[in-house]
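Novice: Here is my input, please return the structure:
(chains A and B)
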Amino acid sequence: MGALLGVLPFFAYTTIFLLVPTLVVVVGAFLDGNSRPTLANLSALSQPQIVSAFSRSVLLSAVTAVLGAVFGALLAYAVSTAREGGTLRRMMTSLCGVLAQFGGVTLAFAFVATVGFQGFLTLWLQKAGIDLAGSTWLYEPDKGLMLVYTYFQIPLMLIVFLPAVEGLRPQWREAAESLGGSTWDYWRHVGGPILAPSFIGATLLLFTNAFSAYATAAALISSGSPIIPLQIGGTLSSEVILGQENIGKAMALGMVAVVAVVMTLYAVLERRTTRWLGR
Amino acid sequence: MTKRMARRTAVAAVAVLAVVGIAACSPPVKTSAGAGTGGAKAATSTSAADLGGMAGLVDAAKKEGTLNVIALPPDWANYGEIIKGFEAKYGLTVNSAQPDASSADEITAAKNLKGQSKAPDVFDLGGTVATANHAMFAPYKVATFNDIPASLKDASGLAVSDYGGYMSIGYDAGKVPAPKTIADLLKPAYKGKVALNGDPTKAGSAFSGVVMAAQGQGGTPEDISKGVDFFTSLKAAGNFLPVDPTPATIESGQTPVVFDWDYLNVAQGKKLTGTIRWTTVIPTGAVVGGYYVQAISKDAPHPAAARLWQEYLYSDEGQNLWLKGGARPVREAAMVAAGTIDKAAYAALPKAVGTPVFLTASQNDAANAYLTANWAKAIG
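Specialist: Modelled structure (predicted):
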């Protein structure tokens, strides 16, 4: 009973900020402007601009998740070889703790101020004779957005992946070596299989992290709504095309479906990881 | 920079929630109007004559004492001075709520605050939102109603255009050559420099920017595909800059060429005098106009004050105040003919060469449908 009382605030919180909005989205996706049931919102999802926004969102999230996972994992391994409790390790983990949360408008601004049109690096290169002015790469989803997203994915990967890397026991390596195994053999048969589930799990987490990001993209890209969160924002804030709020909800439902698939995979893998590392 | 868009939306949403929250906690407020017969009479009056002429209207408004306006930024089309002028002239208090709200927020506020003394009395709306909400308005014809071109008003006076402007190109004369036509912007001199004020599927000003481009490229009001094609070429040439222009991006030089309403570009130029030579040009043969729309809430808590406000806005005085802010008042032609227009302010407006184009409701719908399907593709 006491435990129940303790989690009550949590349940109240999730009801208000997770359950109710999800219900609003799910119900709204099947209603028309006059609150009558309809499937028109769902069939509107087949419009080419929505389909391409979905595929761009998935591609952007997948690429930045893989890039973030690979570089983050290498970084995590490097950090794990540092002395436990040492300055380097403490500095890296707290730095990544900050950077992983350094998203949204502030991050976009940091990039604009550094490599934007009047960014100090751009101006500095200009003085050195390299003229980048006029290049809009930073504002394009497949270049600038990818770079900026990767920037917050790598530190997040370090945070979620470091415990798994730390779970590798030196004795295993010694055992492999004493049996005549090379470094490659160790990673191929011992380290790799142990880390694989949590590596894939962390990659999936990064995927959803990028998939749901809105503010960073909104601060950088003002026209065309190339990714799905921006498309949804457009349906809610447009003063030109009215009455498409429920199409926005249908898009949100599509996002929920994608994330549900990813989270199911994540849950399955997570269970496997726990079993491995628990022993 | 889009009054009814991004910059203000978030603030407005929070404000609406706050207002609703507070309203929900407060005891029932007695509505200030509707109590006396004067109020009831004012609420149904469709012209000043119904209340015994201007004097009767002024008396009824003074009894109400206040006027609730919403979404009127003081630096937008000179609204700050207009509100002060109205207060001084008639001795009423103007409550200006949520100056940064969007058109849609105005309607939401009227619905949420219905029956309370804080509800908005009058609206100043973008055309699309106004057309979709005629059921919320009370018809009223101001004394100068006949001066307003028929295409810019609802015949019964439900919603009437108030002020507007032409789409223009603002540019930093110190950085880029002066563009004369739309096609000029495709030249290499404008590489990575041309910005549109927002997304045309979201913001009215960006929408009109695309219509202007269509006109400049030989399109028609019925078919704006040439405007979208223009932006595709602009993007292919590397000239299109997908940055949302704000006073900050203009001042720092990030957005040296901006498509926006002429009154906003002109105001920008005035503010930057001495730092940047921000110049406004209306491209030859591509004059696209847009008006905001004035309407009275049918649930106005101060119906007489709401009507008096309309009379003031459409009087020579009110119209000239908008003009002073760089906006073109709807009675422009009639006032020029009568010689009552503020000549200095009128002469200061950017020159427009060609017949102005105003999209009709059906042209608007067609353009919206085309943009929804093609915009993301065009610049993606």
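
Novice: Can you name the residue of the stretch 251-380 of chain B nearest chain A?
Specialist: The minimum distance from the stretch 251-380 of chain B to chain A, using Cβ to the nearest Cβ, falls at residue B:376 (4.1 Å). For the C-beta atoms, the positions are set from N, CA and C on the backbone; glycine is no exception.

Novice: I figured that residue was touching residue A:52, is that so?
Specialist: Yes: proximity of residue B:376 to residue A:52 meets the contact threshold set by Cβ atoms under 8 Å, at 6.7 Å.

Novice: any idea how far residue A:126 is from residue A:141?
Specialist: From residue A:126 over to residue A:141 the distance is 26 Å, taken as Cβ to Cβ, to the nearest Å.

Novice: what's the burial count for residue B:61?
Specialist: 27 (other Cβ atoms under 10 Å in any protein chain shown).

Novice: got a list of what it touches?
Specialist: If a contact means Cβ atoms under 8 Å, 6 or more residues apart in numbering or on different chains, then residue B:61 has B:67, B:90, B:92, B:302, B:304-305, B:307-308 as its contacts.

Novice: same thing with residue B:174?
Specialist: For residue B:174, the contact set (Cβ under 8 Å, 6+ apart) comprises B:276-277.

Novice: Phi, psi for it please.
Specialist: The main-chain torsion angles of residue B:174 are listed as degrees, to the nearest 10 and equal phi -80, psi -10.

Novice: any idea how far it is from residue A:236?
Specialist: Using Cβ to Cβ, one obtains 39 Å as the distance from residue B:174 to residue A:236.

Novice: do residue A:173 as well
Specialist: 54 Å.

Novice: Over to residue A:230?
Specialist: Distance of residue A:230 to residue A:236, computed by Cβ to Cβ: 11 Å.

Novice: Give me the more crowded residue out of those two.
Specialist: residue A:230 (22 against 14).

Novice: quick one: the more buried one is in a helix?
Specialist: Yes: with DSSP: H, G, I helix; E, B strand; the rest coil as the criterion, residue A:230 is located in a helix.

Novice: give the contact list for it.
Specialist: Residue A:230 sits in contact with A:53, A:214, A:217-218, A:221, where contact means Cβ under 8 Å, 6+ apart.

Novice: Measure how buried the closest residue to residue B:78 other than its chain neighbours is and give me the count.
Specialist: Of all residues beyond its chain neighbours, the one nearest residue B:78 is residue B:325 (2.7 Å), with distances taken as Cβ to Cβ, 6 or more residues apart in numbering or on different chains. By other Cβ under 10 Å, the residues close to residue B:325 number 20.

Novice: Report the secondary structure state of the residue of the stretch 251-380 of chain B closest to chain A.
Specialist: Here residue B:376 is helix, with the state taken from three-state DSSP.

Novice: The stretch 51-200 of chain B against chain A: which residues are in contact?
Specialist: In this structure, the stretch 51-200 of chain B approaches chain A at residues B:102-104, B:126, B:128-129, B:132, B:191-193, B:196, B:198-200, judged by Cβ under 8 Å from any Cβ of the partner chain.

Novice: One more pass at 10 Å, please.
Specialist: Proximity of the stretch 51-200 of chain B to chain A (Cβ under 10 Å from any Cβ of the partner chain) is limited to residues B:102-105, B:125-129, B:131-133, B:188-193, B:195-200.

Novice: and those residues, which are buried?
Specialist: B:102-105, B:125-129, B:131, B:133, B:190-193, B:195-200 (16 or more other Cβ atoms under 10 Å in any protein chain shown).

Novice: you'd agree residue B:316 is up against residue B:332?
Specialist: No: the criterion here is Cβ atoms under 10 Å, and residue B:316 misses it with residue B:332 at 11.5 Å.

Novice: quick one, which of the two is more surrounded?
Specialist: Set residue B:316 next to residue B:332 and count neighbours by other Cβ under 10 Å: residue B:332 wins out with 20 against 16.

Novice: show me what contacts the more buried one?
Specialist: B:147, B:149, B:163-164, B:319, B:322-323, B:341, B:346, B:349 (Cβ atoms under 10 Å, 6 or more residues apart in numbering or on different chains).

Novice: Can you lay out the residues you listed as TSV showing neighbour count and distance to residue A:244?
Specialist: Written out in TSV, the entries for the contacts of residue B:332 read as follows (neighbours: other Cβ atoms under 10 Å in any protein chain shown; distance: Cβ to Cβ, whole Å):
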residue	neighbour count	distance to residue A:244
B:147	18	37
B:149	13	31
B:163	27	28
B:164	24	26
B:319	27	36
B:322	28	32
B:323	26	36
B:341	21	41
B:346	16	40
B:349	19	36
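
Novice: What about those residues, which are in helices?
Specialist: Among those, the ones falling in helices (DSSP state H) are B:319, B:322-323, B:346.

Novice: what's the longest strand in chain B?
Specialist: Of all segments of type strand in chain B, defined using DSSP state E, the longest is strand B:160-172.

Novice: name the helices or strands packed onto the helix or strand following it?
Specialist: Where DSSP states H and E defines the elements, the next helix or strand beyond strand B:160-172 is strand B:194-196. With contacts taken as 3 or more Cβ pairs under 10 Å, 6 or more residues apart in numbering or on different chains; DSSP states H and E, strand B:194-196 sits against strand B:160-172, helix B:204-216, helix B:225-236, strand B:257-261.

Novice: can you rerun that using 8 Å?
Specialist: Strand B:194-196 makes packing contacts with helix B:204-216, strand B:257-261 when contacts are defined by 3 or more Cβ pairs under 8 Å, 6 or more residues apart in numbering or on different chains; DSSP states H and E.

Novice: To chain A, which of those lies closest?
Specialist: Each of the helices and strands packed on strand B:194-196 was scored for nearness to chain A using Cβ to the nearest Cβ, and the closest is helix B:204-216 (4.9 Å).

Novice: Let's test this: mean pLDDT of the closest one, rounded?
Specialist: Averaged over helix B:204-216, pLDDT sits at 91.

Novice: Check the offset of stretch B:275-295 from the chain's centre.
Specialist: Relative to its parent chain, stretch B:275-295 has a centroid offset of 12 Å by Cα atoms, centre = their mean, to the nearest Å.

Novice: do it and chain A meet at all?
Specialist: No: Stretch B:275-295 stays out of contact with chain A when judged by Cβ under 8 Å from any Cβ, the minimum separation being 11.3 Å.

Novice: mean confidence score for that stretch?
Specialist: Mean pLDDT, stretch B:275-295: 91.

Novice: Output that stretch as CSV - backbone C-alpha positions only.
Specialist: Taking C-alpha atoms only, stretch B:275-295 is exported to CSV below (Å, rounded to 0.1, in the frame of the first residue of the first chain):
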residue,chain,number,x,y,z
THR,B,275,23.8,50.7,-40.0
ILE,B,276,22.4,48.9,-43.0
ARG,B,277,20.9,50.4,-46.2
TRP,B,278,17.8,48.2,-46.1
THR,B,279,15.9,49.0,-49.2
THR,B,280,12.4,48.0,-50.2
VAL,B,281,11.3,47.3,-53.8
ILE,B,282,8.1,46.1,-55.2
PRO,B,283,9.1,44.1,-58.3
THR,B,284,7.8,45.4,-61.6
GLY,B,285,4.7,43.5,-62.9
ALA,B,286,4.5,41.5,-59.7
VAL,B,287,2.3,43.5,-57.4
VAL,B,288,0.5,41.2,-55.0
GLY,B,289,-1.6,42.7,-52.3
GLY,B,290,-2.9,41.3,-49.1
TYR,B,291,-5.3,42.8,-46.5
TYR,B,292,-6.0,42.1,-43.0
VAL,B,293,-9.7,41.9,-42.0
GLN,B,294,-11.6,43.7,-39.2
ALA,B,295,-14.6,42.2,-37.5
